[in-house]
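>>> requesting a structural model of the entry that follows:
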Amino acid sequence: MTRPLRILLLYADTGGGHRATAQALAEGLKHRYGDAVEPVLFDGLRRYAPFPVSHFDDMYPWMSGMSKTWGKSWLALNDPDVARRFMKGWWPWVRSSAIKMAQEPCDAIVNVQPLYTYPVLWAMDHVGVRKPFVTMVSDLIVVHALWCDPSTDAFLVPTDMSRLHALENHIPEHLIKIVGLPIRLLFATPPEPKPIVRARLGLDLEKPTILLMGGGQGLGHVHDIAEAIGRSRLDAQLIVVAGRNKKLKEQLDAANWPIDLRPYGFTPEIPALMDAADVLITKAGPTTICEAFTRSLPMIISSYIPAQEEENAEYVIKHNTGILAQEPERIVDTLRAWLGDRAQLDRLSRNSGALARPRAAIEAAEEAYQVAISGKTYFHKPRRESLLSRLDRFFGT
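The predicted structure follows:
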């Protein structure tokens, strides 16, 4: 019996999108190739990275919430030469961790986290074993320079705009493939009719339904928005997803507003909640936006991570699928206008559905599989360590 192709999916929980992309790719691989593949989700930060890099996932919500500092730092690093020098500066501290990731037993690596790109490719060169390596960009529009080591074997992006950003950051054109952003295959199935899914969720069958989300981390002043809607006297019902934000979930559970409020924590029911909704309010996270496209949902973008998600909001606005409204009062005014104008809501819904790529996980899986089976693992003499690297290894950093 032929051994299944073992594909390592490198991710980290720095925001919910990287894990979601890796999980969707794993689904796509199993759906398309069955027992011929063995996709392995691998959190390299938690498994091997030194402290404090190993806990970057815990620090990410706090760091990305520092709007001016985060945005300026992100932009300063978004240059191929600067990004490469930055990673070279970190190399002595992450070298041994990257080598361990590169030596994980697998036939190919698919990377969905930009922090791994340079170190893992360098580590394979360092140990003398070069496996097929695929970069899957898990941002919708932007392609930060940290993703962009041109020695990758394939560079998969979600949109034509992200393709242009990849070219700007010196990725060779022949390596770039537009596949959409991988999302769960549940979103490739037709939506449930609203009356049926609302009945199953215990919602009013007729009332307009508003879905408010802040991503997997529950970011983006969700409570303030929920309270403004809850006190607005809108004739609607409100679903709020707090994600992993336990404090937010407790606040919502304790709320006593004159609206039918349904708070959720982290939940696998997102497809059903989107099926039930008429409008989505969300931060500009790429996974949530792409999932919403498959459900033809009009969107109010309530916040974005500076620089990193700003173009996602612009994409929604450009294609007339929604608006950017960051103040709770403006969000309530928009809801009042949309829910009172069925024709406008229908136009926004059609525009949203036109952007859907529900089979993106399968398309990305096919590209990754082709690289894995057609690419070869090359062996060469390990690169000689510099004195600095030997000292680094000796002291165990």
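
>>> so where's the stretch 201-350 of the chain uncertain?
In the predicted model of the stretch 201-350 of the chain, residues 215-220 satisfy pLDDT under 70.

>>> how about the strands in the stretch 101-250 of the chain?
For the stretch 101-250 of the chain, the strands defined by DSSP state E, counting those that start in this stretch cover 108-111, 129-130, 133-136, 154-157, 176-178, 209-213, 237-241.

>>> who's in contact with the second one?
Where contact means CB atoms under 8 Å, 6 or more residues apart in numbering, the residues beyond strand 129-130 that reach it are 102-103, 124, 377-380. From N, CA and C alone the C-beta is placed, and that goes for glycine too.

>>> between these, which is closest to residue 167?
For the contacts of strand 129-130, the closest approach to residue 167 (CB to CB) belongs to residue 124, at 24.7 Å.

>>> from residue 225, how far off is the closest one?
Using CB to CB, to the nearest Å, residue 124 is found at 46 Å from residue 225.

>>> what do you get for residue 241?
From residue 241 to residue 225 the distance is 12 Å (CB to CB).

>>> quick revisit: reformat the strands of the stretch 101-250 of the chain as TSV; add distance to residue 296 and mean neighbour count.
Formatted as TSV, those follow (distance: least, CB to CB, whole Å; neighbours: other CB atoms under 10 Å):
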stretch	distance to residue 296	mean neighbour count
strand 108-111	30	27
strand 129-130	44	16
strand 133-136	26	28
strand 154-157	24	27
strand 176-178	22	18
strand 209-213	13	26
strand 237-241	17	25
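
>>> now tabulate these in JSON lines and tack on distance to residue 19.
Converted to JSON lines, the strands of the stretch 101-250 of the chain look like this (distance: least, CB to CB, whole Å):
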{"stretch": "strand 108-111", "distance to residue 19": "13"}
{"stretch": "strand 129-130", "distance to residue 19": "27"}
{"stretch": "strand 133-136", "distance to residue 19": "13"}
{"stretch": "strand 154-157", "distance to residue 19": "17"}
{"stretch": "strand 176-178", "distance to residue 19": "22"}
{"stretch": "strand 209-213", "distance to residue 19": "16"}
{"stretch": "strand 237-241", "distance to residue 19": "16"}
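
>>> now for residue 241 and residue 225: what residues contact both?
Common contacts of residue 241 and residue 225 (CB under 8 Å, 6+ apart): residue 212.

>>> so residue 128 is in contact with residue 377, correct?
No: here residue 128 does not reach residue 377: they are 10.8 Å apart, not a contact under CB atoms under 8 Å.

>>> looking at the strands of the stretch 101-250 of the chain, spot the one closest to residue 229.
strand 237-241 (5.5 Å).

>>> mind listing the strands the closest one pairs with, and their directions?
Sheet pairing for strand 237-241, assigned by DSSP bridges, gives strand 209-213 (parallel), strand 260-264 (parallel).

>>> pLDDT wise, what is residue 397 at?
Looking at residue 397, its pLDDT reads 44.

>>> quick one, helices of the stretch 151-300 of the chain?
Assignment of helices within the stretch 151-300 of the chain using DSSP state H, counting those that start in this stretch yields the ranges 160-168, 194-201, 222-230, 246-254, 270-276, 286-294.

>>> deepest of these, which one?
Comparing those by mean neighbour count (mean count of other CB atoms under 10 Å), helix 286-294 comes out on top with a mean of 26.

>>> tell me what angle it forms with helix 160-168.
For helix 286-294 against helix 160-168, the angle by axes from the mean of the first three to the mean of the last three CA atoms, to 10 degrees is 150 degrees.

>>> for helix 286-294, which outside residues touch it?
Under CB under 8 Å, 6+ apart, the answer for helix 286-294 is 16-17, 20-21, 138-141, 158, 180-181, 183-184, 187-188, 191, 213, 215, 270-271, 274, 280, 282, 299, 309, 312, 315-316, 321, 352-353, 355-358, 360.

>>> now the helix or strand harbouring residue 337, how far from the chain's geometric center?
Assigned by DSSP states H and E, residue 337 belongs to helix 328-339. Between the centre of helix 328-339 and the centre of its chain there are 27 Å (CA atoms, centre = their mean, to the nearest Å).

>>> what residues of that helix count as buried?
328, 331-332, 334-335, 338-339 (16 or more other CB atoms under 10 Å).

>>> return the member of the residues you listed nearest to residue 117.
Residue 117 lies nearest to residue 331 out of the buried residues of helix 328-339, by CB to CB, at 36.8 Å.

>>> which ones are touching that closest one?
Residue 331 makes contact with 225, 228-229, 281, 300, 302, 325, according to CB under 8 Å, 6+ apart.

>>> what's the span of stretch 114-134, first residue to last?
Start to finish, the residues bounding stretch 114-134 are 12 Å apart (CA to CA, to the nearest Å).

>>> any idea of the pLDDT on residue 153?
Looking at residue 153, its pLDDT reads 97.

>>> need the contact list for it.
Applying CB under 8 Å, 6+ apart, we find residue 153 in contact with 132-134, 175, 371, 375.

>>> try residue 147
Taking CB under 8 Å, 6+ apart as the test, what residue 147 contacts is 114, 117, 135, 137, 155, 166, 169.

>>> so what's it closest to, chain neighbours aside?
residue 114 (4.4 Å; CB to CB, 6 or more residues apart in numbering).

>>> again, but for residue 209
Per CB to CB, 6+ apart, closest to residue 209 is residue 277, 4.9 Å.

>>> measure that neighbour to residue 295 for me?
To residue 295, residue 277 is 8 Å away according to CB to CB.

>>> what of residue 72?
Distance of residue 72 to residue 295, given as CB to CB: 35 Å.

>>> okay, the two: which has more neighbours?
Higher neighbour count among residue 72 and residue 295: residue 295, with 24 against 13, using other CB atoms under 10 Å.

>>> these two touch, right, the more buried one and residue 276?
No: contact between residue 295 and residue 276 fails when scored by CB under 8 Å: they sit 9.6 Å apart.

>>> endpoints of stretch 254-266, how far apart?
Stretch 254-266 has an end-to-end distance of 17 Å (CA to CA).

>>> many thanks, I have nothing further to ask.
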